[in-house]
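Undergrad: predicted model follows, preceded by the sequence.
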4 protein chains.
Amino acid sequence: MPLSPPRTTDVHDLQGQTEMTHREISPGLEEVLYQEFPVLDHGFVRVIDYMGNDNAIVQAARVSYGKGTKKKTEDRGLIHYLLRHSHTTPFEMCEIKFHIKLPFFIARQWIRHRTANVNEYSARYSILDKEFYIPSPEHLAVQSSINRQGRGDTLSPEYSRYVLDVLRGDAEQVYAHYEELLNEDGAGNILNPDKECLTRELARTNLSLNFYTQMYWKIDLHNLMHFLTLRADSHAQYEIRVYADVMLNLLERWVPFTYEAFLQYRKEGAHLSKNGMETVKKLLKGQRVIQEESGMSKREWQEFTEKLDLTS
Amino acid sequence: MPLSPPRTTDVHDLQGQTEMTHREISPGLEEVLYQEFPVLDHGFVRVIDYMGNDNAIVQAARVSYGKGTKKKTEDRGLIHYLLRHSHTTPFEMCEIKFHIKLPFFIARQWIRHRTANVNEYSARYSILDKEFYIPSPEHLAVQSSINRQGRGDTLSPEYSRYVLDVLRGDAEQVYAHYEELLNEDGAGNILNPDKECLTRELARTNLSLNFYTQMYWKIDLHNLMHFLTLRADSHAQYEIRVYADVMLNLLERWVPFTYEAFLQYRKEGAHLSKNGMETVKKLLKGQRVIQEESGMSKREWQEFTEKLDLTS
Amino acid sequence: MPLSPPRTTDVHDLQGQTEMTHREISPGLEEVLYQEFPVLDHGFVRVIDYMGNDNAIVQAARVSYGKGTKKKTEDRGLIHYLLRHSHTTPFEMCEIKFHIKLPFFIARQWIRHRTANVNEYSARYSILDKEFYIPSPEHLAVQSSINRQGRGDTLSPEYSRYVLDVLRGDAEQVYAHYEELLNEDGAGNILNPDKECLTRELARTNLSLNFYTQMYWKIDLHNLMHFLTLRADSHAQYEIRVYADVMLNLLERWVPFTYEAFLQYRKEGAHLSKNGMETVKKLLKGQRVIQEESGMSKREWQEFTEKLDLTS
Amino acid sequence: MPLSPPRTTDVHDLQGQTEMTHREISPGLEEVLYQEFPVLDHGFVRVIDYMGNDNAIVQAARVSYGKGTKKKTEDRGLIHYLLRHSHTTPFEMCEIKFHIKLPFFIARQWIRHRTANVNEYSARYSILDKEFYIPSPEHLAVQSSINRQGRGDTLSPEYSRYVLDVLRGDAEQVYAHYEELLNEDGAGNILNPDKECLTRELARTNLSLNFYTQMYWKIDLHNLMHFLTLRADSHAQYEIRVYADVMLNLLERWVPFTYEAFLQYRKEGAHLSKNGMETVKKLLKGQRVIQEESGMSKREWQEFTEKLDLTS
């Protein structure tokens, strides 16, 4: 039972629509505009609108830095330079608007990124669909014993099956009660005309955090990169990382030079502390450094040696 | 089972603590610092820290407007003047930090106010307590037929009892399964050493939106007044309004002049549209105005006449 | 001597450029994209890019409120409803990017609106043009004796001439010294190869606040309306109001329904205090109210009677 | 001629004032509260108020992460851990309010940091003092030929003298004209009762960018550290760096553990790109890497080798 048949129709209408514009366009993103990219069991990400492209970043930088050349290679170099030196304001000149369908518990993490604009589906006003997130067995894991916020080994197949049955059973039950309390089904039909209907803003409190909601989410390119740095990271929860991964692909389509610079200077770079830099300098000069003399704690030293593939 | 016994101890320690400071203080707020004001069945609001008072607003305004007098009556007048003319920057110079315990579905509304700082309890990291919100029977209502986002009549006593049983039953069940999946109880004791423990970040997805979380929430006075304008309003959901009402009392203790001005120019004032103002002017001149000639739609006209106690 | 001939060329290129897009467009704004609208003696405003239109606001609102109808009249009604009830998040879903040339003293006021993105011309990096703001004689006025922040009567013609001579003379002199200290002219030519060149970041400190700078300025529609409410207001300084007036015209082209609602519910509406509302209600019931019994101060009473065309 | 004798009196009053509070205090900062630290020739920085200390960060983190220990050494470790892993929200829970006197051209850079609250002296409303910034001869430098935004060699003594005479002469002249146009001196005395007075909001446009203004500036600890990372950096203009340096000392007094962690993980750490990290790993394994094979541009390679003290 899709949440919004009329809107899906809208989408198809819009995909077919072509207009003339004097604005800059992003050819790569135009190709997939409005297209739903599936994530998890019922979620998706799609781009609804955007403003600017790599060229818009270059233009904005040149308001600040003066006149520049026109060659593509120099544009690429300027974008890399800007990101390498954290001159981030020109990246704020591009904007993108997503339509995202995601479970509540992920929406709660997502919304902590405050420099974005949001319109979320209102369950005070409308009825939520019967769609909830059930993990795949390979994503069911025990609590990690080393990273207190993460996952360790995968559960055994038998226990996985049990866990999924519990999750599914409870979700089915709370939704059935939700409809009963509303005295309406998800399509808005009264179930029993002789019964009272609990107000929606209270009935929804019976739903569990794995139910899906959806939102429009608009953000500038600088803040999107910050979001992706944190959420496409191995420490992020798997269920938000898969959204970030789809968005990385959309970033590449939208602003290819910026994407390349983003990987180079942000996502796949690393920050070293003062003690870390001093240790690297000593090692490069052939000196021996041990943890006790590095100024680093044991835990920090371990993080440091892992970052640099040092094993001894 | 309290969520955080060690923190409660902290609170008691802090309430007893007295230090000397050269800073401005708010005597009214000092009296209730750290004190938990109960809200709903398990929630609370308490002030953890604050910066500034009415005098700090006056000082900040005088950096902009120049030297001023010292009399208390003039301070009061200046604060009223600032708020009447929407000179809001001096109010941003005061800050307050709350500790709030509230159900998930309210936390989700709360967090939409983005110009605040937040630290929320992490259920990826820690285990949530068995505390969930069950409305009082007098707050159970049917969906409003006029305001599509609000509540209408109260449910019948029999149906109320049924609704509460459903809500309580489901909450008990999802929490029991939560503990079973974690293979831990809320106090962190392993239940069955021979069983696997599902990672916390997945187990929590089984909990429903009526469970309680808690957060530190810090905001400046200008944005706090904006929050209270929206959330202490009759259109806000009852369950967030009760938090806003407690915070109104704390506002009065903290900055009494500002509180008074806030009621006068914001909370209990009203905005009239261009057509509304023109209609009022005509009426005051003794002219007769009917909806069809007012430029207002029927719905707008009704809102207008209600605002002004016009009945005919 | 134009600040940036290469950029001007860019603009002409872009105006000629037409691309196909699947995005929503604003036909009214497309017609004037990149076009410079002159403001003051050397300034301008032009739109560089935009995202969204009236329809995008409706779409975003319907993510929250559910499925809706398709008729234009209902879209207009929904936009009016949203603004009347301060449901502002859907307006944040539209974005616009301006290129603005303006004097320093106006740029300093402008930038106080913090919820916008900015790239400003850097005088640490590049040389400013010899362009400074000299008021027209009709805008030279004495300090207002009633509004301590505003203007009173116009200066006499003779004194005006004297004032303009002083302003022009000083601006000419500080710019001549600026070039001399830089040992460069505005086009970047070394003036005297045997002399030293003071660094740009210090030489610029000799320029006066009436010199022109320029910036890219990007803002969402909600915050733009807030800016226009404050800066197209009669209390704003004339020299910023003229920019706001041009932007009002651009707003009308971009989102005509929103523009109409903005005039109705914001710009030409009025806020009445609690005491003001109570006084209006009494007056409408035929009661007599005098200032002393109104709860309003003398100044407030005067503002109130002016708002409502009440005389005596 | 001090800008605000009444306020100076306020300050002395406040320094003497001692109140009891139940809030957390910062002993180091209490000692210097309200005290003006001189910067440049007429500027200063002083702390007007603050909220929180190192302990408040630990408390906020423990709302998220759960119960913790009480030992000081563990608090220090937790603060280091938070900053090392960019868990920045607990640092947002502390706030500080400065009173800063600074030249216009520095205020313009400062205000670009948007996540702060500001009240600035209004020259529409009040008259600016005759105070302008004249650099010391040792800070007069030519434009750098390598860093297009910075300073190179110091000017010759003779030319320095000439430059300072020009700067001082123009500032004296524009201020004399400012007073003449206002027909008032800085103390608000009418100069010639038979003459007209140009409105303040226009007269000020004749002043140059080296004149001093002042503001209250309030910011949270996380954003303050971001400000200091950029403005206490060697690429920042000297005249803002000296303000940042004073604020670094105040940071150390306020939150000593955080200050230590800030130096270690931010200010004196370094970010390496993907190619940079790969190159370091190869070098540590004893491999030879040359620029051409490093994936880095010449300029980037030079930055890289300088960071790591590699010379060959």
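TA: Nice, I can see it.

Undergrad: give me the element residue A:219 is part of.
TA: Using DSSP states H and E, residue A:219 sits within strand A:212-220.

Undergrad: what's the helix or strand following that strand in contact with?
TA: Scanning forward in sequence from strand A:212-220 by DSSP H and E, the next helix or strand is helix A:221-231. Around helix A:221-231, the neighbours that count as contacts under C-beta atoms under 8 Å, 6 or more residues apart in numbering or on different chains are A:52, A:57, A:88-89, A:91-96, A:109, A:113, A:115-116, A:219, A:236, A:240-241, A:243-244, A:247-248, A:251, A:255, A:258, A:262, A:266-267. No exception for glycine: its C-beta is placed from N, CA and C like everyone else's.

Undergrad: what of stretch A:181-201?
TA: A:1, A:123-130, A:179-180, A:202-203, A:206, B:140-144, B:149-152, B:155-156, B:159, B:163, B:166, B:237.

Undergrad: how would you label the spatially most central residue of chain A: helix, strand or coil?
TA: In chain A, the C-alpha nearest the mean C-alpha coordinate belongs to residue A:244, at 3.4 Å (C-alpha atoms, centre = their mean). Following DSSP: H, G, I helix; E, B strand; the rest coil, we place residue A:244 in the helix state.

Undergrad: does it touch residue A:232 like I think?
TA: Yes. Using C-beta atoms under 8 Å as the test, residue A:244 is close enough to residue A:232 to be in contact (3.8 Å).

Undergrad: list buried residues within the contacts of stretch A:181-201.
TA: Buried members of these, counted by 16 or more other C-beta atoms under 10 Å in any protein chain shown: A:123-130, A:180, A:202-203, A:206, B:140-143, B:149-151, B:155, B:159, B:163, B:166, B:237.

Undergrad: restricted to helices, list the residues you listed.
TA: A:180, A:202, A:203, B:159, B:163, B:166 (DSSP state H).

Undergrad: wait, which of the residues you listed is closest to chain C?
TA: The shortest gap between chain C and any of these belongs to residue A:203, at 15.6 Å (C-beta to the nearest C-beta).

Undergrad: setting aside sequence neighbours, what's the nearest residue to the closest one?
TA: If the residues on either side of it in the chain are set aside, residue A:203 comes closest to residue A:181, at 4.4 Å by C-beta to C-beta, 6 or more residues apart in numbering or on different chains.

Undergrad: number of nearby residues for that neighbour?
TA: Burial measure for residue A:181: 25 neighbouring residues, criterion other C-beta atoms under 10 Å in any protein chain shown.

Undergrad: can you tell me how far it is from residue C:26?
TA: For residue A:181, the distance to residue C:26 (C-beta to C-beta, to the nearest Å) stands at 44 Å.

Undergrad: re earlier: the residue nearest to the centre of chain A and residue C:288: what is the separation?
TA: Residue A:244 sits 67 Å away from residue C:288, going by C-beta to C-beta.

Undergrad: and residue A:263, by the same measure?
TA: Residue A:263 is 75 Å from residue C:288, where distance means C-beta to C-beta.

Undergrad: so the two - more neighbours on which side?
TA: In this view residue A:263 and residue C:288 are compared by other C-beta under 10 Å, and residue A:263 has more residues nearby, 16 against 7.

Undergrad: which residue packs closest to that one, ignoring adjacent ones?
TA: Closest residue to residue A:263 apart from its sequence neighbours, by C-beta to C-beta, 6+ apart: residue D:274 at 6.6 Å.

Undergrad: can you report how many residues lie near the one you found?
TA: So residue D:274, with other C-beta under 10 Å, has 16 neighbours.

Undergrad: and it, backbone torsions?
TA: phi -50, psi -50 (degrees, to the nearest 10).

Undergrad: tell me the contacts of it?
TA: Counting by C-beta under 8 Å, 6+ apart, residue D:274 touches A:263, A:264, A:265, A:267, A:268, A:269.

Undergrad: what's the answer for residue A:97, then?
TA: Neighbour list for residue A:97: A:47, A:48, A:49, A:50, A:216, A:217, A:218, C:51, C:52, C:93 [criterion: C-beta under 8 Å, 6+ apart].

Undergrad: again, 7 Å this time
TA: A:48, A:49, A:50, A:216, A:218, C:93 (C-beta atoms under 7 Å, 6 or more residues apart in numbering or on different chains).

Undergrad: and for residue A:135?
TA: Residue A:135 neighbours (C-beta under 7 Å, 6+ apart): residue B:202.

Undergrad: now name the helix or strand holding it.
TA: Under the criterion DSSP H and E, no helix or strand holds residue A:135.

Undergrad: gap between it and residue A:246?
TA: Separation of residue A:135 from residue A:246 (C-beta to C-beta): 18 Å.

Undergrad: got it, and residue A:53?
TA: 20 Å.

Undergrad: settle it for me: which of these two has more neighbours?
TA: Counted by other C-beta under 10 Å, residue A:53 and residue A:246 do not tie: residue A:53 has more neighbours, with 24 against 19.

Undergrad: residue A:60 reaches residue A:90, doesn't it?
TA: Yes. At 4.1 Å, residue A:60 counts as touching residue A:90 under the criterion of C-beta atoms under 7 Å.

Undergrad: so what sits against both of the two?
TA: The contact sets of residue A:60 and residue A:90 overlap at residue C:119 (C-beta under 7 Å, 6+ apart).

Undergrad: now do the strand or helix carrying residue A:303, average pLDDT.
TA: For residue A:303, the host element (DSSP H and E) is helix A:298-307. For helix A:298-307, the mean pLDDT works out to 93.

Undergrad: measure how far it is from the centre of its chain, please.
TA: Taking the mean of its C-alpha atoms, helix A:298-307 sits 28 Å from the chain's own mean (C-alpha atoms, centre = their mean, to the nearest Å).

Undergrad: just checking, what packs against it?
TA: Contacts defined by 3 or more C-beta pairs under 7 Å, 6 or more residues apart in numbering or on different chains; DSSP states H and E place helix A:298-307 against helix A:291-294.

Undergrad: buried set for the helix it packs on?
TA: Neighbour counts over helix A:291-294 (16+ other C-beta under 10 Å) mark residue A:294 as buried.

Undergrad: how far off centre is that helix?
TA: Computed by C-alpha atoms, centre = their mean, the chain-centroid distance of helix A:291-294 equals 38 Å.

Undergrad: which elements pack onto that helix?
TA: helix A:298-307.

Undergrad: show me the contact partners of the helix it packs on.
TA: Helix A:298-307 is touched from outside by A:270, A:276, A:291, A:294, A:296, D:84, with contacts defined as C-beta under 7 Å, 6+ apart.

Undergrad: how about the second one, phi and psi?
TA: Dihedral angles of residue A:276 (phi, psi; degrees, to the nearest 10) stand at phi -60, psi -50.
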